[in-house]
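>>> Below: sequence and its predicted model.
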Amino acid sequence: MPENPEEKLLILQLSEDSRKIARLFSNETSIRILKLLDRRSMSAADIANELEMRLNTLKYNLDSLLEAGLIRVRQVKWSRKGRKIKVYEAVEQIIIFLPGKKIPDMSLILTMLWQHCLKSKEGSDFSDVLELSESSGVYCEPGL
């Protein structure tokens, strides 16, 4: 999980930013990239080879995922020719979309996340999410 609690939970009301993220989740290429980067960190060339995709098409998708904060540059390496090679990784984050304009009840959201975790087949441990509160790291998109 991310080091900063602010990165663990992102709550978005309907806005241009939330629409951009929703579009990325409906884009099959973005999903394939996220799944790859969830398994291991990779360079753009490695991702392009794995997905059998042209590098310029991949670059567009990587830039969109970076801008949305769904991936990040883990490190920058140098090639033998002296070129920068960015190594990307997925950002582990819980994202909640809120359709309404009301300020959400954070305790209700956290309780629902915990209940979902308990029902999860994978048995993921979201216990650290329960420790989050408005004052200690739940990040809400400005306007909430």
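Received, thanks. Residues are numbered from 1 along each chain as shown.

>>> need the strands for the chain, in chain order.
9-13, 42-43, 71-78, 84-90, 94-98, 139-140 (DSSP state E).

>>> how about the ones you listed, which one is nearest Leu113?
For those, the distance to Leu113 is smallest for strand 94-98, at 6.8 Å, taking Cβ to Cβ. Glycine gets a C-beta too; all of them are placed from N, C-alpha and C.

>>> quick one: buried residues of that closest one?
By 16 or more other Cβ atoms under 10 Å, the buried positions in strand 94-98 come out as 94-96, 98.

>>> For those, give me JSON lines that also has pLDDT and distance to Ser43.
Formatted as JSON lines, the buried residues of strand 94-98 follow (pLDDT from 0 to 100; distance: Cβ to Cβ, whole Å):
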{"residue": "Ile94", "pLDDT": "72", "distance to Ser43": "27"}
{"residue": "Ile95", "pLDDT": "73", "distance to Ser43": "25"}
{"residue": "Ile96", "pLDDT": "72", "distance to Ser43": "31"}
{"residue": "Leu98", "pLDDT": "72", "distance to Ser43": "36"}
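
>>> which one of those is nearest Arg72?
Ile95 (14.9 Å).

>>> Next one: the closest one relative to Ile85, how far apart?
For Ile95, the distance to Ile85 equals 29 Å [Cβ to Cβ, to the nearest Å].

>>> swap in Leu58?
Applying Cβ to Cβ to Leu58 and Ile85 gives a distance of 14 Å.

>>> For these two, list the residues in contact with both.
Ala44 (Cβ atoms under 8 Å, 6 or more residues apart in numbering).

>>> Looking at those two, which is more packed in?
Neighbours per residue (other Cβ atoms under 10 Å) separate Leu58 from Ile85, with Leu58 holding more: 19 against 13.

>>> which one is the more buried one nearest to, not counting chain neighbours?
Using Cβ to Cβ, 6 or more residues apart in numbering and skipping residues adjacent in sequence, the residue nearest Leu58 is Ala48, 4.6 Å away.
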